[in-house]
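1. just need the structure, nothing else, for what follows:
(one chain, ligands or ions: 2)
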Amino acid sequence: MTMTPTWPAALTVAGSDSGGGAGIQADLRTFAFHLVHGTSALTCVTAQNTVGVMRVDALPPEAVVAQIEAVTSDIAVQAVKTGMLLNQEIIQAVALALKALPDTTPVVVDPVMVSRTGAQLIDDDAIATLTRHLIPQARVLTPNRYEAQLLSGLAITTLADMEAAARQIYQLGPQAVLVKGGGMMDALRSTDVWFDGSEVVILEAEVVETKHTHGTGCTLSAAIAANLALGKDPLTAVKDAKNYVTNALKHALAIGKGQGPVGHFFPLISQ
Ligand SMILES: Nc1ncnc2c1ncn2[C@@H]1O[C@H](COP(=O)(O)OP(=O)(O)O)[C@@H](O)[C@H]1O
Ligand SMILES: Cc1ncc(COP(=O)(O)OP(=O)(O)O)c(N)n1
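-> Numbering: from 1, shown residues only. Ligands and ions are numbered 1, 2, ... in the order given. Next comes the predicted model:
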């Protein structure tokens with residue numbers, strides 16, 4: 001008799017990266033690596049490669065909500081992550097749709113604003129909407145250095161600055177904040193700071209010397225969501241996700257003329 005396995009499921013609400021390094025494509029590969037069934041609600045389509053973002057087309061907010069409702073009315077989703085949401089209308093619609101999920105469904109919010117190649121991935125006037133409507137719903141919020149500066153209003157150059165920003169951003173209402181260090185200098189490039197209202201945890205890892213870092217933030221937040229879907233507590237989910245990203249960076253792929261993607265399926269890669 002064939003055994004039918006039951007996998008936990010997770011949902012990513014994010015944009016498409018045609019080059020396959022970030023966005024929905026990175027999220028679904030990350031879910032698959034963790035043996036979590038990946039579902040998706042596409043917010044926008046980027047014409048993007050390893051060098052830059054050439055064009056962005058938003059989906060109508062109703063189309064985004066329809067995808068979320070189609071998935072969640074049928075499939076028991078154990079965790080959600082949000083990525084590139086692009087504009088006010090989509091953010092508001094997503095925030096409302098996610099409110100309808102059971103309180104027990106953890107939401108990882110990656111407040112995607114700018115890509116590593118410098119492309120703006122959110123409208124200027126949408127940051128306030130993100131702050132007001134979605135960030136308070138976050139079980140874990142994962143800003144990078146640039147996003148943490150915008151959300152906290154603080155300049156971030158030191159580890160102490162990262163901690164101060166995490167504490168400040170916590171006031172916006174998420175249950176925990178992870179300020180990521182990829183945009184910092186030297187050893188801080190692989191150091192992230194966690195604050196959950198009571199405990200500050202400095203998460204350190206070795207620095208991986210590679211230019212192929214495209215999709216690290218998407219991969220980290222998707223791995224956190226996958227680990228939450230697998231039933232891990234939030235700090236363990238973050239620690240294990242960070243370990244996954246370090247390994248994926250060590251096996252990053254030199255694909256394209258710019259910054260290639262991380263190697264999501266590193267155990268299958270022979271060097
Ligand atoms: N060169 C690196 N070596 C090791 N870890 C890194 C490196 N660059 C980024 N990371 C890690 O990747 C994760 C994503 O962070 P970051 O690159 O800052 O996000 P984003 O892609 O959103 O800008 C974090 O855990 C960060 O510490
Ligand atoms: C469609 C899409 N979503 C998100 C990003 C940003 O990806 P991220 O992993 O945060 O980092 P970069 O590699 O862009 O720095 C994106 N580029 N595209």
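2. next SSE downstream of whatever helix or strand L96 lives in?
-> Taking DSSP states H and E as the definition, L96 sits inside helix 88-99. Sequence-wise, the next helix or strand downstream of helix 88-99 (DSSP H and E) is strand 107-109.
3. that following strand - contacts with which helices or strands?
-> Secondary-structure packing of strand 107-109 (3 or more Cβ pairs under 8 Å, 6 or more residues apart in numbering; DSSP states H and E): strand 77-82, strand 140-141, helix 216-229. Any C-beta I mention is one placed from the backbone N, CA and C, and that applies to glycine too.
4. 6 Å instead?
-> Here strand 107-109 touches strand 77-82, helix 216-229, going by 3 or more Cβ pairs under 6 Å, 6 or more residues apart in numbering; DSSP states H and E.
5. strand partners (parallel or antiparallel) of the longest strand along the chain?
-> Criterion DSSP state E: the longest strand present in the chain is strand 37-48. Applying DSSP bridges to the sheet, strand 37-48 is found paired with strand 9-17 (parallel), strand 53-58 (antiparallel).
6. so which of the ones you listed comes closest to ligand 2?
-> strand 9-17 (3.3 Å; Cβ to the nearest ligand atom).
7. residues in the stretch 101-250 of the chain within reach of ligand 2, list them.
-> Residues of the stretch 101-250 of the chain lying close to ligand 2 by Cβ under 6 Å from any ligand atom are V112, S115, R116, L121, H214, G215, T216, G217, C218.
8. circling back to that earlier point, distance from the helix holding L96 to the middle of the chain?
-> Chain-centre distance of helix 88-99: 17 Å, with Cα atoms, centre = their mean, to the nearest Å.
9. give me the buried positions along it.
-> With burial defined by 16 or more other Cβ atoms under 10 Å, the residues of helix 88-99 counted as buried are Q88, E89, I90, I91, Q92, A93, V94, A95, A97, L98.
10. what ranges do the helices span in the stretch 101-250 of the chain?
-> 127-129, 145-152, 159-170, 216-229, 234-250 (DSSP state H, counting those that start in this stretch).
11. how close does K257 get to D186?
-> 27 Å (Cβ to Cβ, to the nearest Å).
12. ok, N49 next?
-> Here N49 is placed at a distance of 29 Å from D186 (Cβ to Cβ).
13. average pLDDT across stretch 102-120?
-> The pLDDT scores in stretch 102-120 average 90.
14. who's in contact with it?
-> For stretch 102-120, contacts defined as Cβ atoms under 6 Å, 6 or more residues apart in numbering pick out 52-53, 79-84, 98, 121-122, 130, 134, 137-143, 146-147, 217, 221, 224-225, 228.
15. indicate whether stretch 7-16 makes contact with ligand 2.
-> Yes - applying Cβ under 6 Å from any ligand atom, one finds stretch 7-16 touching ligand 2 at A14, G15, S16.
16. so what's the second one up against?
-> To tie it back to what came earlier, the one meant is G15. G23, T43, C44, T46, M84.
17. what about the first one, neighbour count?
-> Around G23 sit 30 other residues, with neighbours defined as other Cβ atoms under 10 Å.
18. wait, it touches D17, no?
-> Yes - using Cβ atoms under 6 Å, G23 makes contact with D17 at a distance of 3.7 Å.
19. the longest strand of the chain and ligand 2 in contact?
-> Yes - Strand 37-48 comes into contact with ligand 2 (Cβ under 6 Å from any ligand atom), by way of T46, Q48.
20. same question for that strand, mean pLDDT?
-> Here strand 37-48 scores 98 as its mean pLDDT.
21. next, see if it gets close to ligand 1.
-> No - Strand 37-48 does not reach ligand 1 (Cβ under 6 Å from any ligand atom); its nearest approach is 13.8 Å.
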